[in-house]
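# No sequence on hand, only this structure:
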């Protein structure tokens with residue numbers, strides 16, 4: 001429920017690039033940096049909503065969209081690299097159900113971010 005609400009709010013906001021009082025960077029960067037901690041207990045569909053919501057925030061950026069997208073995708077890109085490196089050593093690793101599930105999630109995250117950023 002919270003992830004769905006976050007997504008709804010993200011679609012409506014235009015102020016994620018202002019700095020918060022206690023932070024030296026825009027709020028969206030703080031959100032990106034907190035993804036591992038904030039998403040660790042979420043279901044897969046809820047994690048997708050978080051990525052999509054942050055993508056909507058990035059879509060409002062006047063500058064630095066490519067850098068923000070790269071920051072946002074750094075976690076799934078790292079997972080992708082691990083999977084590919086493992087597959088280079090042993091192609092059968094791609095048949096592991098957990099690896100297939102991870103690849104599915106990585107592709108869905110990229111699709112949601114691309115759709116929300118525009």
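Arrived safely. Keep in mind it's a predicted model, so treat the numbers as computed, not measured. Numbering: from 1, shown residues only.

# From residue 26, how far out is the residue nearest the centre of the chain?
For the chain, the residue sitting closest to the mean C-alpha position, by CA atoms, centre = their mean, is residue 51 at 3.7 Å. Computed as CB to CB, to the nearest Å, the residue 51 to residue 26 distance reads 17 Å. Just so you know, the C-beta spots here come from the backbone N, C-alpha and C atoms, and that holds for glycine as well.

# Show me where this protein has its strands.
Counting by DSSP state E, the chain has no strands at all.

# Scan it for its longest helix.
helix 65-89 (DSSP state H).

# any idea how far residue 44 lies from residue 26?
Taken as CB to CB, the span from residue 44 to residue 26 is 27 Å.

# quick one: which of these two has more around it?
Taking other CB atoms under 10 Å, residue 44 and residue 26 do not tie; residue 26 has more neighbours (19 against 12).

# Chain neighbours aside, what residue packs nearest to residue 93?
residue 86 (4.6 Å; CB to CB, 6 or more residues apart in numbering).

# Would you confirm that that neighbour contacts residue 92?
No - between residue 86 and residue 92 there is no contact under CB atoms under 8 Å: 9.9 Å.

# Look at the two and report which has more neighbours.
The neighbour comparison of residue 86 against residue 92 (other CB under 10 Å) goes to residue 86, with 15 against 10.

# For that one, give me the pLDDT.
The confidence metric pLDDT takes the value 97 at residue 86.

# and what of residue 10?
86.

# ok, so what distance separates the nearest residue to it once chain neighbours are set aside from residue 25?
Spatial nearest neighbour of residue 10, chain neighbours left out: residue 53 (3.4 Å); criterion: CB to CB, 6+ apart. In this view, residue 53 and residue 25 are 18 Å apart by CB to CB.
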